[in-house]
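> quick one: sequence plus predicted model below, questions after.
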Amino acid sequence: PIACSYNRDNTDNGKLRSEMFKFDDLGFGLVDFEFPKEAVYPCIPVKSALFNGLVFPRKGSTYANISEIKLALDMGASVTVSEGGRVVVLSTKDENDMFDAVKEFIKTRKLLEKKYGKKSGQAILQKLYANSAFGKLGQGINGKRYQNLCNNTTEMAQYSVITMPAYAAAITALVRCLVSFCMHCCEKADLKIHSVTTDGFIVEGERESVLRMMNESVKEKFPFIFEALEQAFSDSDTAFEVKHEFRTFFNSRTRANVSVDEGVMAKGSFRGNDLFRNLPEVAKYHYFFEALATRTGKIRDERVSLPSYKEMVKHNKALMNEMKVANLSFDFDFKRMIDMSTVQTNQTVLNEKILSYDSFFTVPLETVEEYERLHKYRDSYAGCINERSEYANIHQKYIHLSNGTETRYNPKMNSENEKHLDYVCKELLKMVRQGMLTDKLASLSSRGIYDLFMANCEWEISFESFNNAFKKGRGRKVIIEEPTVVFTEIKEALLKASR
């Protein structure tokens, strides 16, 4: 049942105020929001209509949970009920909720962790019980499909007997809200945040002072969270758990970061070949750190795994290990934008080698539409986004997209060179196929050929433009169909360089 409802008629033209809500209110609504220009971490997520995942833009329109609306208002944002929409607060008088059952799962899990260890089967089983309870609350809401093993068909997931969208949304929203609030507190305390996931983040600071600041802030802002913790764990005095401590680490993207020595290693779907899997634990950190810091494109991942049930039925595969190869991108996902003023070059000595790599901090995007345009461009971008020049290219494109203009990156690329680019790249491919190039050059990737191209030819062009034309030459018709002076010069230079 609805306890109260807000729309444009019973409010000041839809304008919402923080005192209208409590953080533990159950409810949601369709709102328009805008955070101040100086806001570093907006807290209202918007789901992209084109790509999976949530984005936290500075302004937009979306369905938001009460906890996120209230925190946004406390952070100085303007939040109003959307035209034709409303914000509802639901009644929670019914005491028949799942808290007692989940509380018992968590208490039992903690006891089993102490007795058998954190990674023990007993403790993990209790964790699955609690996770499954939440999963059943949200089952069937997003139209997910699953494989029916009985008849080998793909079917739409149906509601469970306890599916409750409002509760499922409130749980995830409250955790996001808590993380956003902690990030806001860290930013006010001038503590740098390097990575954020669903329920935690990597922050730069001294352990005890960070924990004290966050616990005091959360206890004041969300007192009911500590009340729940005291009910579940009578000896708990903190809402946080320190999982890793380290000094130097490489953060490539969400869930893909690694410290120099044992600490954090989130591999972002990377499994590694036999060589990697058989390395000592510290050597694995060094291997992955170097792989991320020195990558020039996607990282090849050779993995051994069992075939899926579907593969066994459809392709008659035996239940035995098989080698699979995946090419994994570890480029930044651009759900936020690079702050070019913070880009700096770092150096780390690893196994007597000096590794140089660039790092940066980020700022929020203006809108989710801006993210979608940038995401489309990033997906078509031919370069490896891991150095200052690539960051600058993307940032320049971002400025153009934001201003509604389209320009080429390299102002030195003139119309004569542009006219011949497709033909040049087509002929380069033909030379490779016909064995006209030496082994040294024929074995190079498009990036390698581009590097020789730039080192030996007085023709300035971005790798993106070169590679796009290089790929176009793989079969599509190009404009120029006859040798040119430009191509003759390039061909001679490349042949000379490859000897």
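Alright, I've got the coordinates. Bear in mind the structure is a predicted one, so any value in this text is a computation, not a measurement.

> what pLDDT does the residue nearest the centre of the chain get?
The residue lying closest to the centre of the chain (C-alpha atoms, centre = their mean) is T254, at 4.4 Å. pLDDT for T254: 83.

> likewise E372?
E372 is given a pLDDT of 89.

> that's a helix at it, yeah?
Yes. Assigned with DSSP: H, G, I helix; E, B strand; the rest coil, E372 falls within a helix.

> how near is it to K47?
11 Å (C-beta to C-beta, to the nearest Å). Where C-beta positions appear, they are placed from N, C-alpha and C, glycine not excepted.

> state the distance from the residue nearest to the centre of the chain to G53.
Between T254 and G53 the computed distance is 9 Å (C-beta to C-beta).

> one more: V343?
Distance, V343 to G53, by C-beta to C-beta: 25 Å.

> pLDDT weak spots in the stretch 101-250 of the chain?
Low-confidence segments of the stretch 101-250 of the chain (pLDDT under 70): 232-236.

> pick out whichever of E372 and K47 has more residues nearby.
Shown here are E372 and K47; by other C-beta atoms under 10 Å, E372 has more neighbours (16 against 13).

> the more buried one touches N52, doesn't it?
No. Assessed by C-beta atoms under 8 Å, E372 is found out of contact with N52, at 11.8 Å.

> the closest residue to A228 other than its chain neighbours and Q231, how far apart?
Spatial nearest neighbour of A228, chain neighbours left out: F99 (7.6 Å); criterion: C-beta to C-beta, 6 or more residues apart in numbering. F99 sits 8 Å away from Q231, going by C-beta to C-beta.

> where along the stretch 301-450 of the chain do the strands fall?
Secondary structure of the stretch 301-450 of the chain by DSSP state E, counting those that start in this stretch: the strands cover 322-328, 336-350, 353-364.

> could I get those as JSON lines with mean neighbour count, distance to K136 and mean pLDDT?
Output for the strands of the stretch 301-450 of the chain, formatted as JSON lines (neighbours: other C-beta atoms under 10 Å; distance: least, C-beta to C-beta, whole Å; pLDDT from 0 to 100):
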{"stretch": "strand 322-328", "mean neighbour count": "11", "distance to K136": "32", "mean pLDDT": "86"}
{"stretch": "strand 336-350", "mean neighbour count": "14", "distance to K136": "33", "mean pLDDT": "91"}
{"stretch": "strand 353-364", "mean neighbour count": "14", "distance to K136": "34", "mean pLDDT": "91"}
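
> let me have those strands in TSV, extended by distance to A157.
Formatted as TSV, the strands of the stretch 301-450 of the chain follow (distance: least, C-beta to C-beta, whole Å):
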stretch	distance to A157
strand 322-328	27
strand 336-350	32
strand 353-364	33
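
> go through these and name the closest to N273.
Closest to N273 of those, according to C-beta to C-beta: strand 322-328, at 8.9 Å.

> buried residues in stretch 36-48?
By neighbour count on 16 or more other C-beta atoms under 10 Å, the buried set for stretch 36-48 is 39-46.

> same thing with stretch 183-190?
Buried positions in stretch 183-190, judged by neighbour count with 16+ other C-beta under 10 Å: 183-186.

> for that stretch, C-alpha coordinates in CSV please.
Provided in CSV are the C-alpha atoms of stretch 183-190 (Å, rounded to 0.1, in the frame of the first residue of the first chain):
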residue,chain,number,x,y,z
MET,A,183,32.8,8.5,-1.6
HIS,A,184,31.4,11.9,-1.0
CYS,A,185,32.9,11.9,2.5
CYS,A,186,36.3,10.8,1.2
GLU,A,187,36.2,13.6,-1.4
LYS,A,188,35.5,16.2,1.3
ALA,A,189,38.4,14.8,3.4
ASP,A,190,40.7,15.0,0.3
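
> circling back: quick one: which of the buried residues of stretch 36-48 is nearest to P364?
Nearest to P364 among those: P42, at 5.3 Å, using C-beta to C-beta.

> quick check, K115 in a helix?
Yes. K115: assigned to a helix according to three-state DSSP.

> surely A256 touches G268?
Yes. A256 is within contact range of G268, at 3.0 Å (criterion: C-beta under 8 Å).

> mind checking pLDDT for S308?
pLDDT, read off for S308, is 80.

> quick one: contacts for E302?
Listed by C-beta atoms under 8 Å, 6 or more residues apart in numbering, the contact set of E302 reads 272-273, 323-325.

> switch the cut-off to 10 Å
E302 is in contact with 271-276, 323-326, counting by C-beta atoms under 10 Å, 6 or more residues apart in numbering.

> reformat these as CSV; add distance to Q126.
Compiled in CSV, these are given as follows (distance: C-beta to C-beta, whole Å):
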residue, distance to Q126
R271, 27
G272, 30
N273, 34
D274, 34
L275, 36
F276, 31
M323, 35
K324, 32
V325, 37
A326, 32
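
> hey, which helix is longest across the chain?
As assigned by DSSP state H, the longest helix anywhere in the chain is helix 165-188.

> re the thing from before, of the buried residues of stretch 183-190, closest to A392?
M183 (26.8 Å).

> any idea how far T163 is from the residue nearest to the closest one when sequence neighbours are not counted?
Spatial nearest neighbour of M183, excluding adjacent residues (C-beta to C-beta, 6+ apart): Y41 at 4.5 Å. Per C-beta to C-beta, Y41 is found 32 Å from T163.

> ok, then the element right after whichever strand or helix holds T62?
Assigned by DSSP states H and E, T62 belongs to strand 59-65. Of the helices and strands lying after strand 59-65 in sequence (DSSP H and E), the nearest is helix 66-74.

> next SSE downstream of that next one?
Using DSSP H and E, the helix or strand that follows helix 66-74 in sequence is strand 78-81.

> packing partners of that following strand?
strand 2-6, strand 26-34, strand 59-65, helix 66-74, strand 87-90 (3 or more C-beta pairs under 10 Å, 6 or more residues apart in numbering; DSSP states H and E).

> mind listing what's buried in the second one?
Of all the residues in strand 26-34, those buried under the rule 16+ other C-beta under 10 Å are 26-34.
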